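>>> Okay, sequence plus prediction incoming.
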Amino acid sequence: MPKIKVPKSAPSIDMTPMVDLAFLLVTFFMLTASFRMAEPVVVDPPSSVSDKLLPDNTILVTVDEGGRPFFGISNAEAKLKTLTTMSEKYKVKFNAEQIKKFGGLSSFGVAIKDLPRYIDATETQRLKFQPQKGIPNDSLNDPQLRDWILYSAREANAVYLRERDKAKEAGKDFKGEKPRYAIKADGKAKYISVKGVIKTFTDMEIYRFNLITSLEGGSSTPTAHK
Amino acid sequence: MAEIAEGGGGGHGKSGKKRAKKQSTRIDMTPMVDLAFLLLTFFVMTSTFSKPKSMEISFPAKPKEAQPDVEVKNGLTVILTKDDKVFYYKGQFNARDNKDGKVPTELTETQLNNEGLHKVLLELNDYAKTEIAKFEGKLKRKEIQDSTFKRMAMEAKGDKKSLTVLIKTDDKATYRNVIDIVDELNICYVGKYVIIDMSAPEYALLNEKIK
């Protein structure tokens, strides 16, 4: 009886298609992933059962544990235009480089007179920046937060309308969203400080918000719920 | 091994040409696959979790002129204060020395968990709960569409027989508590709720309680 020949080489599979697939997916996720920019404060939002995703086009006010408000806007074009308007109103000059750098800033919590210095600082210096007291939100004497929101809303709406009309003219589907207002507050923040920010909005007749929360169970700190 | 001996010896002398080795040109791809999948996992994880969740909420517009106090039927007022404490009372607020001879309002303390506020809310909001449960049954039997279900659930929540909740906080309550309450209301099918300021008599009553 002839012996069955056992192949001497180790059993091996051709991995090339698998590698192809894996790298294809890696490329896809790399290109689609948008990296979060460094934020000036760590905010741990409370958890909720809501699974609605935050819209893309937002004007965001962050309230940290100490109740300081921070301001950010997602639309890049509106962001720069808002800075120009604010710089005119508050007579604070920004040079071309500072304006460019401002576009890369996610959110900030300094008064506008400190803003040029804040922009010039490096990322690590920004973490220790003084005075970082949050954006002044005194409706009578120093309504900077109100102005940031007001002008950025105006600019973001203008950008949205222009893009929509452009798409309409070209006969394309328009997928853009209207700018929305979002509030991201730390769970340990006093409600009264969040209320101050909400009042700023409601005074401008803005009544609908998206409150940013983390998914139930996703929060790092235990809540009163459990 | 044999090949080396062959090449090294060169004694056969058939030709001076070196033979290309017949060894396969395959590389071991396992580490590359490992790396690729590691990166893949990283990007999958970061991209799906980076987008935050949000909760939509509307705040009441400031009335242009003073409005008379309307009696809220099926009303529940939840009061939040320091140390995650929660109080509530049903219906209208009646001061201690009210002239109509109504029973003065007392605050009841409760907890933000399944035994506390959750139970109270479900009990009071029985109408919306049973209605929505009915619709859910219909939805499961495919008698109604998903969009119809959503609309009917909205209507049931907005019905006069459903519960209306007023959320009030003092200066010491945390934002987390407010979100927890709103969350609880969403779970308990309460569609009508509002976050408003506390009145002075309520504040006095609360202070007595938490002293």
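That came through fine.
>>> residues in contact with residue 157?
If you meant another chain, say so; for now it's chain A. A:178, A:179 (CB atoms under 8 Å, 6 or more residues apart in numbering or on different chains). From N, CA and C alone the C-beta is placed, and that goes for glycine too.
>>> Switch to chain B, please.
Going by CB under 8 Å, 6+ apart, residue B:157 touches B:128, B:132, B:189, B:190, B:191, B:192.
>>> do the same with residue A:178
Contact analysis of residue A:178 by CB under 8 Å, 6+ apart lists A:57, A:157, A:160.
>>> quick check, nearest of these to residue A:148?
Residue A:148 lies nearest to residue A:157 out of the contacts of residue A:178, by CB to CB, at 14.7 Å.
>>> Now do whichever strand or helix holds residue B:186: which elements does it pack against?
Residue B:186 belongs to helix B:175-187 when assigned by DSSP states H and E. Packing partners of helix B:175-187 (3 or more CB pairs under 8 Å, 6 or more residues apart in numbering or on different chains; DSSP states H and E): strand A:47-48, helix A:191-203, strand B:53-58, strand B:75-80, helix B:117-124, strand B:164-169, strand B:192-196.
>>> looking at the ones you listed, which is buried most?
Scoring the helices and strands packed on helix B:175-187 by mean neighbour count under mean count of other CB atoms under 10 Å in any protein chain shown gives strand A:47-48 as the most buried, with a mean of 26.
>>> need the next SSE after that strand, C-terminal direction.
Later in the chain than strand A:47-48, the nearest helix or strand by DSSP H and E is strand A:52-53.
>>> residues making contact with the helix or strand that that following strand is followed by?
Tracing the chain past strand A:52-53, the next element assigned as helix or strand by DSSP H and E is strand A:58-63. Under the criterion CB under 8 Å, 6+ apart, residues A:39, A:41, A:43, A:69-74, A:107, A:109, A:145, A:149, A:152-153, A:156, A:179-186, A:189, A:193-194, A:197, A:210, A:212, B:175 lie in contact with strand A:58-63.
>>> before we move on, what about stretch B:124-142?
B:74, B:76, B:90, B:122, B:144, B:146, B:149, B:152-153, B:156-157, B:159, B:161-163, B:188-191.
>>> buried sites along that stretch?
B:124, B:125, B:127, B:128, B:129, B:131, B:132, B:135, B:139 (16 or more other CB atoms under 10 Å in any protein chain shown).
>>> if we can go back for a sec, between the helices and strands packed on helix B:175-187, which gets nearest to residue A:170?
Nearest to residue A:170 among the helices and strands packed on helix B:175-187 is strand B:53-58; the distance by CB to CB comes to 31.4 Å.
>>> quick one: strands adjacent to the closest one?
Strand B:53-58 sits in its sheet next to strand A:52-53 (antiparallel), strand A:208-215 (antiparallel), going by DSSP bridges.
>>> Tell me where the model's unsure across the chain.
Since no chain was named, I'll use chain A. A:1, A:7, A:34-38, A:216-226 (pLDDT under 70).
>>> nope, chain B please
Applying pLDDT under 70 to chain B flags the ranges B:1-22, B:47-51, B:63-72, B:98-101, B:211.
>>> Nearest residue to the residue nearest the centre of it in space, please, no chain neighbours.
Compute the mean C-alpha point of chain B, and by CA atoms, centre = their mean the closest residue is residue B:183, 5.7 Å away. With CB to CB, 6 or more residues apart in numbering or on different chains as the criterion, residue B:183 has its nearest non-adjacent residue at 4.5 Å, and that residue is residue A:48.
>>> Isn't that neighbour up against residue B:56?
No - Residue A:48 sits out of contact with residue B:56 when judged by CB atoms under 8 Å, with a separation of 11.1 Å.
>>> what does the helix holding residue B:186 contact?
For helix B:175-187, the external contacting residues (CB under 8 Å, 6+ apart) are A:46-50, A:63, A:185-191, A:194, A:211, A:213, A:216, A:223-225, B:55, B:57, B:78, B:80, B:84, B:86, B:112, B:117-118, B:121, B:165, B:167, B:169, B:193, B:195.
>>> residue boundaries of the helices in chain A?
A:16-32, A:76-89, A:96-102, A:115-120, A:123-127, A:144-170, A:191-203 (DSSP state H).
>>> buried sites along the shortest one?
Residues residue A:126 are the ones in helix A:123-127 that count as buried (16+ other CB under 10 Å).
>>> for chain B, what's the longest helix?
helix B:30-49.
>>> Are there helices or strands packed against that helix, and which ones?
Using 3+ CB pairs under 8 Å, 6+ apart: helix B:30-49 touches helix A:16-32.
>>> what's the angle from the helix it packs on to helix B:30-49?
Angle, helix A:16-32 to helix B:30-49, by axes from the mean of the first three to the mean of the last three CA atoms, to 10 degrees: 30 degrees.
>>> Which positions in helix A:16-32 come out as buried?
With burial defined by 16+ other CB under 10 Å, the residues of helix A:16-32 counted as buried are A:19, A:22, A:23, A:25, A:26, A:29.
>>> how about that helix as PDB, C-alpha atoms only?
Taking C-alpha atoms only, helix A:16-32 is exported to PDB below (Å, rounded to 0.1, in the frame of the first residue of the first chain):
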ATOM      1  CA  THR A  16      -3.400  38.900   1.000                       C
ATOM      2  CA  PRO A  17      -7.200  39.500   0.500                       C
ATOM      3  CA  MET A  18      -7.600  39.800   4.200                       C
ATOM      4  CA  VAL A  19      -4.800  42.300   4.500                       C
ATOM      5  CA  ASP A  20      -6.400  44.200   1.500                       C
ATOM      6  CA  LEU A  21      -9.700  44.300   3.300                       C
ATOM      7  CA  ALA A  22      -8.300  45.300   6.600                       C
ATOM      8  CA  PHE A  23      -6.300  48.200   5.100                       C
ATOM      9  CA  LEU A  24      -9.200  49.300   3.100                       C
ATOM     10  CA  LEU A  25     -11.300  49.600   6.200                       C
ATOM     11  CA  VAL A  26      -8.500  51.300   8.100                       C
ATOM     12  CA  THR A  27      -8.200  53.800   5.300                       C
ATOM     13  CA  PHE A  28     -12.000  54.400   5.400                       C
ATOM     14  CA  PHE A  29     -12.200  54.900   9.100                       C
ATOM     15  CA  MET A  30      -9.100  57.100   9.100                       C
ATOM     16  CA  LEU A  31     -10.500  59.400   6.500                       C
ATOM     17  CA  THR A  32     -14.000  59.600   8.000                       C
END
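>>> Thanks a lot, see you next time.
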